[in-house]
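Asker: need a 3D model of the following:
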Amino acid sequence: MATGRYPRWKEHSVLTDALRKELADELAAAERTRVPIDPLAVRHPEIDVVDAYEIQLINMRQRFDGGARVVGHKVGLSSKAMQQMMGVDEPDYGHLLAEMEVFEDVPVDTSKYLYPRVEVEVGFILGADLPGEDCTEEDVRKATVAYAPSIELIDTRIKDWKIALCDTIADNASSAGYVLGKQRVSPDQLDIKNIDAVLTRNGEVIAEGRSDAVLGDPTIAVAWLARKVASFGVRLKAGDIVLPGSCTRAIDARPGDEFIAEFAGLGSVHLGFA
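Answerer: Numbers count the residues shown, from 1 in each chain. Predicted coordinates for the structure are as follows:
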């Protein structure tokens, strides 16, 4: 993936540069201090999607300047139910950084987050670069070298998860971490639209879903992402991880919780919290 030196959006945005920087600083401080802030969309009802992505990118650029490295992207709002709830007709996205990786054998320190939740996702691992503005689902299928069982750790820097669309976009699509299970399955060995997923918390089934909850086919979300980031001059590259959206609803994570997500034909992934 590109080094992270994203150009600015070419489209019109509503907020001033100074205000976007101020809001980006607020979100960064909330993440650092774990003191949440009031919703941006309530305080600044004029904010639009262009502003929100600019705010996200201000904080990403600062992290890149500090040595952070992009390893992929996550797609959010990839179920029709979530899109209807937010009043939108397309997903959103955020960055996955190397420093955001969490691990199956290391409990996550919940005190480092504000309102941590987990989502169950079929991860895509790219083995070849994707086209940009013209990317199709077939391009994604050809470029994907493997699927992987995944849990995304999401969080919000907005008080009590009271978010609107622009709040979550500005806040890196509410992304906070990710873990991949060990198993890798070639796309030609599995129907990406028909993977049943079961999430247990402390041994109890707490959520169930299927991969087609993501736009009917998670491949659609990855192709959308490739086209979307092309507007920044960015291409999804071989080796990138893409989390296309959750198969189930998001579940709160508490100290002592042990989650296992099991995927039919794809293995499992574990994430514990301390």
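Asker: pLDDT below threshold where in the stretch 51-200 of the chain?
Answerer: Along the stretch 51-200 of the chain, the model assigns pLDDT under 70 to residues 81-89.
Asker: where exactly do the strands run in it?
Answerer: Defined through DSSP state E, counting those that start in this stretch, the strands belonging to the stretch 51-200 of the chain, from first to last, are 70-76, 92-97, 117-126, 144-154, 175-180, 196-201.
Asker: can you lay out these as CSV showing distance to Ser186?
Answerer: Any C-beta I mention is one placed from the backbone N, CA and C, and that applies to glycine too. As requested, the strands of the stretch 51-200 of the chain are arranged in CSV below (distance: least, Cβ to Cβ, whole Å):
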stretch, distance to Ser186
strand 70-76, 19
strand 92-97, 22
strand 117-126, 10
strand 144-154, 6
strand 175-180, 16
strand 196-201, 19
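Asker: for the chain, just list every one of the helices.
Answerer: Under the criterion DSSP state H, helices of the chain are mapped to 17-33, 40-43, 49-65, 80-86, 137-143, 165-170, 218-229.
Asker: can I get the CA coordinates of the fifth one in CSV?
Answerer: Which is helix 137-143. Taking C-alpha atoms only, helix 137-143 is exported to CSV below (Å, rounded to 0.1, in the frame of the first residue of the first chain):
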residue,chain,number,x,y,z
GLU,A,137,-15.5,-8.4,-7.8
GLU,A,138,-13.8,-10.7,-10.3
ASP,A,139,-10.6,-8.7,-9.9
VAL,A,140,-10.9,-9.2,-6.1
ARG,A,141,-11.4,-12.9,-6.5
LYS,A,142,-8.3,-13.3,-8.7
ALA,A,143,-6.1,-11.1,-6.4
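Asker: run through who's touching it.
Answerer: The contact list for helix 137-143 (Cβ atoms under 8 Å, 6 or more residues apart in numbering) reads 124, 126-131, 187, 217, 219-220, 222-223, 226, 238.
Asker: what's the closest of those to Glu204?
Answerer: Phe124 (29.0 Å; Cβ to Cβ).
Asker: hey, what's that closest one bridged with?
Answerer: Note on Phe124: beta-bridge partners by DSSP bridges are Tyr147, Val242.
Asker: and Thr200, by the same measure?
Answerer: On DSSP bridges, the residues paired with Thr200 through beta bridges are Val205, Ile260.
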